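In: Next one to model:
(4 chains)
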4 protein chains.
Amino acid sequence: MCRWLGYIGDPIRPEELLYQPERSLIEQSKSHAPDVAIANGDGYGLGWYGTADGPGLFRSASPAWGDHNLRELSAQIRSPLFLAHVRAATGTPVQQSNCHPFRYGHWMFVHNGMIDAFPRVRRDLLMQVDPELFPAVEGSTDSELMFYLALTFGLAEDPVGGLERMAGCIEAAGRRIGSDHPLQMTVGVTDGARLVAARYASDTEANTLHVSSSVRDLRLLYPENERFQHFSDEARVIVSEPLVDLPGMWREVPAGTALVVQDGEELEVPFVPRAA
Amino acid sequence: MCRWLGYIGDPIRPEELLYQPERSLIEQSKSHAPDVAIANGDGYGLGWYGTADGPGLFRSASPAWGDHNLRELSAQIRSPLFLAHVRAATGTPVQQSNCHPFRYGHWMFVHNGMIDAFPRVRRDLLMQVDPELFPAVEGSTDSELMFYLALTFGLAEDPVGGLERMAGCIEAAGRRIGSDHPLQMTVGVTDGARLVAARYASDTEANTLHVSSSVRDLRLLYPENERFQHFSDEARVIVSEPLVDLPGMWREVPAGTALVVQDGEELEVPFVPRAA
Amino acid sequence: MCRWLGYIGDPIRPEELLYQPERSLIEQSKSHAPDVAIANGDGYGLGWYGTADGPGLFRSASPAWGDHNLRELSAQIRSPLFLAHVRAATGTPVQQSNCHPFRYGHWMFVHNGMIDAFPRVRRDLLMQVDPELFPAVEGSTDSELMFYLALTFGLAEDPVGGLERMAGCIEAAGRRIGSDHPLQMTVGVTDGARLVAARYASDTEANTLHVSSSVRDLRLLYPENERFQHFSDEARVIVSEPLVDLPGMWREVPAGTALVVQDGEELEVPFVPRAA
Amino acid sequence: MCRWLGYIGDPIRPEELLYQPERSLIEQSKSHAPDVAIANGDGYGLGWYGTADGPGLFRSASPAWGDHNLRELSAQIRSPLFLAHVRAATGTPVQQSNCHPFRYGHWMFVHNGMIDAFPRVRRDLLMQVDPELFPAVEGSTDSELMFYLALTFGLAEDPVGGLERMAGCIEAAGRRIGSDHPLQMTVGVTDGARLVAARYASDTEANTLHVSSSVRDLRLLYPENERFQHFSDEARVIVSEPLVDLPGMWREVPAGTALVVQDGEELEVPFVPRAA
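Out: Below is the predicted model of the structure:
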């Protein structure tokens, strides 16, 4: 089970979310999930939009908790939109090309979850990736494949629709081999302008996903908390698990929904897998 | 908190202890200790005596649980005496030169524990290493330094005495800077003929250490257990934590004692730090 | 341009070929080829048959020249048949899963060369891998794909034929996209009983491949050379480039031929790509 | 033999020097020096001053030529002062803590060269490091030790003087063990405001060091060259070896001299080792 977070708002230093909170992403990665006794030590990644044309990508197969370079980078760069991920591998090799985020053009993608019986459906799914996109598939994870399927099914024009068609395609492939829970996912995807997230599982038990409350509301709730003074009104954080335990700070994203955050607006829509 | 194990007996494949038991060393490394929520993901090492002159050493800074090479090596080699270790770093860099076992000539050494306030006593202790041995100090850990202090104080001629003088030296240095619990250690050390272990802490709370019962006794206790048929009578395993939960299989090494296992004989003696 | 070697004969320690000769494989990897100014610093691998069931495999993405573990392993193990490889990547990521040898069951495979315009033919070729074998494809190299195509085309029953059909398949795919030099290869492949090598290029300029002369002949040529006393009569070394500069020691394998070495016998046959 | 470069001027993206020139630092690292057949594949580092308090540091033990993260970072960040280094190890382990630049507070340091017979003088020199600074010594290289000796001898107050006393200290230690060429160095050191370089060798053969000519002069010499339009008047690059082959672009720093570049001013002074 991986963990990830996405931030959108005025530029901040990623360390403010990766390292500083009580339950920062790095802190979470050190220890087991409440019900799974493993650490997220199989690599990490940070993708951020900055001053260059296109996002920067920093990934490593080393455990995030001990990595000096990640700490340095997180403290030095400032970004208005970034995705960070810590990995717990589910069968595919631990290597940089299998770390999230995955990037294609201006798009980046992170995932927590898995495709059931992946070795048995991988060939089928790989063949459904647009041949024009196929050369860009670099690693061997189910996550990366989901990204390229979504791109194949129009992610760039219609992010939620592209993700829904990707989910439908995977569930169809899973049914063909007899799986009754083909897909488990929370995903984060962005093009540098909007941050999109979705939470879905073929069965009812979906991995968690949370979004931060409006900063204006948080300033009213916690007037003494300096951090909330510092963040911009439109800032939003989407996370697998809350970074701090403050009542009213986090709202759970319901299973079977997608979120689109852009220019301070937050839109929640149903997420329903559909035929490709 | 690190974990380690040592084996002495007829040649076996290390995988029998590193991977196969229910609570194998690798399995232990994936999750937290009963009371410490971290994994041992900061590197590992395997040192083994085989057919060559002098032991072989295989160390890596990667988490042991995902490392293919360790699994391969463990399955291919056969050794009558080996030490294995998984690391949780206590402040010094995660790098191969800081992984245990450490080796000098025919000697190898592993350690679980720490030197209190190490940055403040490191210089003092480094200077007490025999200048002839000093060039061999390769890394920056307290553990490696303990090894070279023990070598300085006659480990090669009198292993337990050398370790006791090392402990005394460290406690003296700790007292000089005002520490009241300078040293916490279980150590394993070997020259390829005998396996020596010691368990000691300046205060009362020492990290755990266990030794396996006589294989003859285990065959009587568990006549249906194939594994005990397979091991030789003289085989002994010394571990931080038991590899399986079988009543009567493990005996705790008392704090303040050392064990010397050689040629099927097991000798337990007091371990008392002494002046160098 | 990668480099590789294969050994078959009485058991020896791999270090005798990887480290000891004047132009050992490791020594070759440090510097550029006579006409290409790059080192082989993109990973290495050693696959060896020993006492276990099936070969052991040790691969790392680090440069071979500085790797302590490879040196240790090479000095400790003894093997009657092994393949070693140092990599210079040709576009695909530097990661353990892209290092040679590749292994499937009892078979191992190394390659020097490349598939022309690989990103453009990769999908086509991947689809021709037997769906039963497909889940075993772990990395993203042209080399690994060649191995699985050869397995698909009967490598296990007829090694040279399987390799010829693989070459034919690749050349056909290359022609489909307009390449006029689709394939460049020297390959080494083994099942633990025989060592097979082939040298072929679609155009005339094939990477080099050499085989050692009979040890009996070498003992006559160089009666004072201790090393030749040490090797068994049937010992053979197949290498990209000679390990030492001794007249009469190496015979170049002609382009368009394959070698099969087994039980002291050496068979040279034409290598002609054929339809799959 | 390592290679390094330092830049000072208006903010630029490091990729403009690390990757873009014909003989960029990364390009140089791939192949051997004119007279030494090794690559700089034993790690690299980039230290840069940016928007945060204190410099950022990014180091890795992997070969620079294949590292995606370095490429990404070099393209995303903008910095008015940075040091970059590619390493060819001279005996100490290849690990992140042994990569340059080394950092202490606001200071950073890179080195090309070596301390002769380092294992024999290391203890002596380590003991001369100020005990207050000693805990900051993280690795095992001669280079890092030179940095901490220079800091001990007043680098922060008088950079050139501190370096000269460091050189004098090392030469004295070398003479004590009978070395007749104790020190070989080009060094780059900075505090974020000025860039200091020095070129010195105990014997006459010093590693090369070059500084770029005034940008104003380059614009006159090469009016059609877009790159020179882009750099600010005060920009300076100090390099081990020229990044491009343009007559008039580089001036060799004479052996036995130091350069101090700050606020567009360039000061050249003698560099003479002196007693500490």
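
In: For chain A, give me the ranges with low pLDDT.
Out: A:32-38, A:204 (pLDDT under 70).

In: Contact residues of it facing chain D?
Out: Residues of chain A lying near chain D by C-beta under 8 Å from any C-beta of the partner chain: A:13, A:48, A:50-52, A:56-60, A:68-69, A:72-73, A:75-78, A:96. Where C-beta positions appear, they are placed from N, C-alpha and C, glycine not excepted.

In: Recalculate using a threshold of 10 Å.
Out: A:11, A:13, A:15, A:45-60, A:62, A:67-79, A:96-97, A:103 (C-beta under 10 Å from any C-beta of the partner chain).

In: when you check chain C, which of the residues you listed turn up near it?
Out: Among the residues of chain A next to chain D, chain C is touched by A:96, A:97 when using C-beta under 10 Å from any C-beta.

In: mind checking how far the host helix or strand of residue A:144 is from the chain centre?
Out: For residue A:144, the host element (DSSP states H and E) is helix A:142-152. Computed by C-alpha atoms, centre = their mean, to the nearest Å, the chain-centroid distance of helix A:142-152 equals 13 Å.

In: Can you name every helix or strand that it contacts?
Out: strand A:102-104, strand A:107-115, helix A:118-127, helix A:159-176, strand A:183-190 (3 or more C-beta pairs under 10 Å, 6 or more residues apart in numbering or on different chains; DSSP states H and E).

In: Paired strands for the helix or strand just after the last one, with orientation please.
Out: Past strand A:183-190, heading to the C-terminal end, the next element that is a helix or strand (DSSP H and E) is strand A:195-201. According to DSSP bridges, the neighbouring strands of strand A:195-201, each with its direction, are strand A:183-190 (antiparallel), strand A:257-262 (antiparallel).

In: quick one: contacts of the shortest one?
Out: Residues from elsewhere that reach strand A:257-262, judged by C-beta atoms under 10 Å, 6 or more residues apart in numbering or on different chains: A:6-9, A:81, A:159-161, A:163-164, A:187-191, A:193-200, A:209, A:211, A:234-238, A:251, A:253, A:266-272.

In: got a list of what the closest residue to residue A:129 other than its chain neighbours touches?
Out: Spatial nearest neighbour of residue A:129, excluding adjacent residues (C-beta to C-beta, 6 or more residues apart in numbering or on different chains): residue A:148 at 4.7 Å. Residues in contact with residue A:148 (C-beta under 10 Å, 6+ apart) are A:102, A:104, A:109, A:125-126, A:128-130, A:133-134, A:136-138, A:155, A:166.

In: between these, which is closest to chain D?
Out: For the contacts of residue A:148, the minimum distance to chain D (C-beta to the nearest C-beta) is 10.3 Å, reached by residue A:138.

In: The closest one: what secondary structure?
Out: What DSSP: H, G, I helix; E, B strand; the rest coil gives for residue A:138 is coil.

In: Who does the closest residue to residue A:190 other than its chain neighbours form a beta bridge with?
Out: Nearest residue to residue A:190 in three dimensions, chain neighbours excluded: residue A:108, at 5.6 Å (C-beta to C-beta, 6+ apart). Under DSSP bridges, the beta-bridge partners of residue A:108 are residue A:103, residue A:190.

In: which bits of the stretch 101-250 of chain A sit near chain B?
Out: Near chain B, when you scan the stretch 101-250 of chain A using C-beta under 10 Å from any C-beta, you find nothing.

In: residues touching residue A:199, list them.
Out: Counting by C-beta under 10 Å, 6+ apart, the residues that residue A:199 touches are A:112-113, A:185-187, A:206-210, A:238, A:240, A:252-259, A:271.

In: How much space separates it from residue C:259?
Out: 58 Å (C-beta to C-beta, to the nearest Å).

In: quick one on the thing from earlier: give the buried subset of the residues of chain A next to chain D as a ChimeraX selection command.
Out: To isolate the buried members of those in ChimeraX, using 16 or more other C-beta atoms under 10 Å in any protein chain shown:
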select /A:11,13,15,45,46,47,48,49,50,55,56,57,58,59,60,62,67,68,69,70,71,72,73,74,75,76,77,78,79,96,97,103
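
In: Provide the backbone phi and psi angles at the residue sitting furthest away from the middle of chain A.
Out: The centre of chain A is farthest from one residue, residue A:224, which by C-alpha atoms, centre = their mean lies 30.8 Å away. Torsion angles at residue A:224 (phi, psi; degrees, to the nearest 10) stand at phi -90, psi -10.

In: Next: the one 5 residues further on.
Out: Per-residue torsions, residue A:229: phi -70, psi -30 (degrees, to the nearest 10).

In: Tell me, how many residues neighbour it?
Out: 12 (other C-beta atoms under 10 Å in any protein chain shown).

In: which ones are touching it?
Out: Counted by C-beta under 10 Å, 6+ apart, residue A:229 has contacts A:215, A:218, A:219, A:222, A:223.

In: Please apply the same query to residue A:60.
Out: Counted by C-beta under 10 Å, 6+ apart, residue A:60 has contacts A:43-46, A:67, A:69-70, A:95-96, A:99, D:60, D:62, D:68-69.

In: Can you name the two of those residues that sit furthest apart?
Out: Farthest-apart pair in the contacts of residue A:60 is A:46 and D:62; separation 17.8 Å (C-beta to C-beta).

In: re the thing from before, make CSV out of the helices and strands packed on helix A:142-152 and add distance to residue A:276.
Out: What follows is these, written out as CSV (distance: least, C-beta to C-beta, whole Å):
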stretch, distance to residue A:276
strand A:102-104, 18
strand A:107-115, 15
helix A:118-127, 11
helix A:159-176, 5
strand A:183-190, 14
